[in-house]
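A.B. asks: the following block contains a protein sequence and its predicted model.
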Amino acid sequence: MSISMRSSKLDLPEGRVFFGDLPCGASRDPAARAEAKLRSADSLLAFAGIKACPAAPTLLRADRFGRPELSIGSGQPAAVSFSWQADRLWTALSSQCPRLGMDAALCADFGDGYPFAKVFNEREWKGISALLDASVARGASFLWSAKEAAVKMVGWGFGFVQPGHISVTISKSRGNLLESRADIASRAWTGKVNIYSIEHPWGWLSFAPG
């Protein structure tokens with residue numbers, strides 16, 4: 001029996017983003033993970049009403065830096081991003097944003113022994129402490145999801161840009177959406193990325209449309 005995907009939409013200044021999560025187990029098999037990604041992308045395309053070419057299947061590839069590329073035949077192009085969260089696969093896509101990064105980060109991943117000083121800077125902590133009630137795990141999961149979403153949007157990931165080269169600053173809170181900016185300063189890429197984050201009981205889900 002197939003399990004349906006929980007899907008939602010988010011209207012951002014850069015364009016509309018569709019996202020959802022799907023229970024996928026904890027398999028590390030590359031073929032199983034690729035099949036889960038394609039299945040979740042197809043579910044979101046249907047939810048978004050984005051029509052693929054009937055004569056060509058939806059294809060999911062990765063470019064030379066590992067960023068996913070979604071091909072839907074002669075239909076509309078769509079930017080896509082994935083994030084594994086324990087036994088769930090989060091997927092986000094947009095036909096209005098040329099690039100998109102998304103990440104889900106668990107509070108439980110940021111316990112004792114985590115290299116906080118290497119990944120986050122003091123200015124970031126001061127900027128989020130009042131808003132997030134000074135919870136170390138909650139603050140770290142927010143900052144990490146924002147940084148990860150930013151590098152996924154840029155397309156190089158942390159293989160070219162280190163977490164310490166990214167500084168996240170909160171801009172404002174709009175309903176359940178927290179808006180921030182990631183400033184990236186490295187030899188690989190320098191620039192600013194807008195981040196939009198949603199808080200969950202387990203942590204944070206962040207989006208970086210480009």
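C.D. replies: Cool, got the structure. Numbers count the residues shown, from 1 in each chain.
A.B. asks: please count neighbours and contacts with C-alpha atoms only from this point.
C.D. replies: Fine.
A.B. asks: all helices for the chain, in order.
C.D. replies: Ranges of helices within the chain are 30-48, 116-119, 122-129, 136-154, based on DSSP state H.
A.B. asks: count the residues that sit near the nearest residue to Tyr196 once chain neighbours are set aside.
C.D. replies: Closest residue to Tyr196 apart from its sequence neighbours, by CA to CA, 6 or more residues apart in numbering: Glu179 at 4.7 Å. Glu179 has 19 neighbouring residues, counting by other CA atoms under 10 Å.
A.B. asks: beta-bridge partners for Glu179, please?
C.D. replies: The bridge-partner assignment for Glu179, based on DSSP bridges, gives Lys172, Tyr196.
A.B. asks: I'd like the distance between it and Ala146.
C.D. replies: From Glu179 across to Ala146, the span is 10 Å (CA to CA, to the nearest Å).
A.B. asks: contact partners for the nearest residue to Asp21 once chain neighbours are set aside?
C.D. replies: Nearest residue to Asp21 in three dimensions, chain neighbours excluded: Trp90, at 4.3 Å (CA to CA, 6+ apart). Applying CA atoms under 8 Å, 6 or more residues apart in numbering to Trp90 gives the contacts 19-22, 82-84, 103-104.
A.B. asks: which of the residues you listed fall in strands?
C.D. replies: Within those, residues falling in strands by DSSP state E are 19-22, 82-84, 103-104.
A.B. asks: looking at those residues, state which has the most neighbours.
C.D. replies: Using other CA under 10 Å as the neighbour criterion, Ala104 leads the ones in strands among the contacts of Trp90 with 30 neighbours.
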